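Visitor: only the shape, not the letters, is given here:
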Ligand code: PMP
């Protein structure tokens, strides 16, 4: 292997022919592997088996969780999530099995009715815009696309979104109603917002009086190193800055216990919480409080959650290391053709290839039996302007599968790079 960028066309063609032979060997293996979505593996799901044995459904204040009632959630569950979300328990609603559903509900609420600080419902505006740090979480973008927002890409940095750009935009445009954020171990880069970013978000002047920050803390306890990164609480910073209604913050136990059968929660100012509960009333009588109690009895508190997350880390850390090591061995010697993130937590690694290489790499992998997240998926409308980003999800496959898949991935990335280099000669 040598630096592709320094190779002559003849040398590149020679390398291409070598790689094609290798690629054919993979194709002949008849692989069927999936590195598409960020899902826990079976071993991770098994970690929470004991929780299903919890069967005391009488809450701390004597309320029977098996029955209707207590829309805001069982008090012990509110206290549990208040600790995870850095909020007071009165600022918390404990919902059902999905935080994404709560986020959807709140965008819908803004659109239909507006919020406590809205001059009018969002649907009464001619233009609606939303800021989208990129790359980001595809399902966030799908929600705002569904409601007809124009989505504006904001480049991510290691310290969070480009705040100069965010401040300049929100200050002058009233139709920008909010912003998606995954502040800790972001999906997909694994970056964490700096304390300065959090404070600037809390303080910035917005033309829209009802600007909302959707603060999706999906990976708040999902550490992969001893560092256990924590960032300032947005709710508190916004309160201090005189913008208490700005943040809507979320988390869930989807990647702590069970995705699809965990518990989700949201935290916001008490005024927002009262307003949201009033508006939830026509939709639902109460969420699944039996599951709320099971979770609190099993995980107990943040300390209990962190202990549980260490078991996840033991399974996941070798997988992340294997992928990063394969990238370093197979891509670094080829020169400056790729770089990737080194997350200290979360569920993903971002791999950035040369411009124009991402789609082709995904296609080559697919043709050889390895499914990756579609190129562009981490950008609004599925459009990566540079066609360079791939979201790598190392959690679900076994170590052995992951080894094969990441070897093939780097091979395909090198083939795609050579094609682009030759085309541009
Ligand atoms: N937010 C982010 C950033 C995620 O990555 C995910 C899961 N992939 C979710 C939310 C979904 O969470 P839930 O299962 O609570 O709906």
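Guide: Looks like it came in fine. Small disclaimer: the values here were computed from a predicted structure and weren't measured. Numbers count the residues shown, from 1 in each chain.

Visitor: got the residue ranges for the strands in the stretch 101-250 of the chain?
Guide: Using DSSP state E, counting those that start in this stretch, the strands of the stretch 101-250 of the chain run over 129-134, 150-157, 160-161, 176-181, 212-216, 247-252.

Visitor: what helices and strands are in contact with the last one?
Guide: In this structure, strand 247-252 packs against helix 75-85, helix 99-112, strand 212-216, helix 234-240, strand 264-267, with contacts taken as 3 or more Cβ pairs under 8 Å, 6 or more residues apart in numbering; DSSP states H and E. Placement of C-beta: from N, CA and C, glycine included.

Visitor: residues in contact with that strand?
Guide: 81, 84-85, 87, 97-99, 102-103, 106, 202, 212-218, 220, 234-235, 238, 262-269, 272 (Cβ atoms under 8 Å, 6 or more residues apart in numbering).

Visitor: over to the longest one?
Guide: Surrounding strand 150-157, the residues in contact under the criterion Cβ under 8 Å, 6+ apart are 127-136, 141, 144-145, 161-162, 165-166, 169, 176, 179, 186, 189, 191, 379-381, 385.

Visitor: so for the ligand, which of the strands of the stretch 101-250 of the chain sits nearest?
Guide: Judged by Cβ to the nearest ligand atom, the one of the strands of the stretch 101-250 of the chain that comes nearest to the ligand is strand 247-252, at 3.2 Å.

Visitor: which of the helices and strands packed on strand 247-252 sits most buried?
Guide: strand 264-267 (a mean of 27; mean count of other Cβ atoms under 10 Å).

Visitor: quick one, the following helix or strand past that strand and helix 99-112 angle?
Guide: Sequence-wise, the next helix or strand downstream of strand 264-267 (DSSP states H and E) is helix 270-280. With axes from the mean of the first three to the mean of the last three Cα atoms, to 10 degrees applied, the angle from helix 270-280 to helix 99-112 works out at 90 degrees.

Visitor: what is helix 270-280 packed up against?
Guide: Partner elements for helix 270-280 (3+ Cβ pairs under 8 Å, 6+ apart): strand 92-94, helix 99-112.

Visitor: format these as JSON lines; extra columns: mean pLDDT and distance to the ligand.
Guide: JSON lines is the format used below for the helices and strands packed on helix 270-280 (pLDDT from 0 to 100; distance: least, Cβ to the nearest ligand atom, whole Å):
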{"stretch": "strand 92-94", "mean pLDDT": "98", "distance to the ligand": "12"}
{"stretch": "helix 99-112", "mean pLDDT": "98", "distance to the ligand": "3"}
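
Visitor: now these in JSON lines, please, with extra columns for distance to residue 62.
Guide: Shown next, in JSON lines, are the helices and strands packed on helix 270-280 (distance: least, Cβ to Cβ, whole Å):
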{"stretch": "strand 92-94", "distance to residue 62": "18"}
{"stretch": "helix 99-112", "distance to residue 62": "27"}
